[in-house]
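**Q** can't give you the sequence, but here's the structure:
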Ligand SMILES: Nc1ncnc2c1ncn2[C@@H]1O[C@H](COP(=O)(O)OP(=O)(O)OP(=O)(O)O)[C@@H](O)[C@H]1O
Ligand SMILES: [Mg+2]
């Protein structure tokens, strides 16, 4: 069984709408006798301004849950709302743009591009979105040393 545990970090004002909400979400792989029900009518809400840990044994559906929540995987059934917007029937292009602009991922298998440096990997989504990325911003350091 997979469980989601939320830890409050602070009380953000006006953040009543969940960051992500899954409603009766199912995700099945394969068919007939080979069918795997990775998610079976899961409803869960992830509030804004909180840390949430999703825990469960290997194969219990944690990655599938997060992939569905982030618009990386299509659902078999149910609905996903991201910031209140229903992304269930969004096109591939809309999902790509949404993920690039709104979501940060650290994948279990990293999914980094081997021919790029760590810095270039981090900057890549901004470049794909057409932004110029200053070196100081890419490194996360101030452009000029303080003082
Ligand atoms: N693309 C796929 N095709 C077929 N079955 C899949 C696919 N992806 C996941 N599954 C199956 O769905 C179930 C849930 O897998 P999932 O990767 O979500 O589990 P997990 O909790 O993230 O596991 P782990 O802790 O090992 O990362 C498993 O039985 C897995 O074999
Ligand atoms: Mg996993």
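**A** Structure received. Given the structure is predicted, the values throughout are model-derived calculations rather than measurements. Ligands and ions are numbered 1, 2, ... in the order given.
**Q** Pick out the residue in this structure sitting closest to ligand 2.
**A** Residue nearest to ligand 2 within the chain: residue 63 (3.1 Å; CB to the ion). Backbone N, C-alpha and C define where each C-beta goes, glycine included.
**Q** wait, does the helix or strand harbouring that residue make contact with ligand 1?
**A** Assigned by DSSP states H and E, residue 63 falls within helix 62-69. Yes - shown here: helix 62-69 in contact with ligand 1 (CB under 6 Å from any ligand atom) through 62, 63, 64.
**Q** Might you report the residue contacts of the first one?
**A** Just to be clear, that refers to residue 62. Shown in contact with residue 62 (CB atoms under 8 Å, 6 or more residues apart in numbering): 2, 54, 55, 56.
**Q** separation between it and residue 107?
**A** 12 Å (CB to CB, to the nearest Å).
**Q** sorry, back to before: tell me how many other residues surround the residue of the chain closest to ligand 2.
**A** Residue 63 has 18 neighbouring residues, counting by other CB atoms under 10 Å.
**Q** And residue 121, by the same measure?
**A** When counting by other CB under 10 Å, one arrives at 15 neighbours for residue 121.
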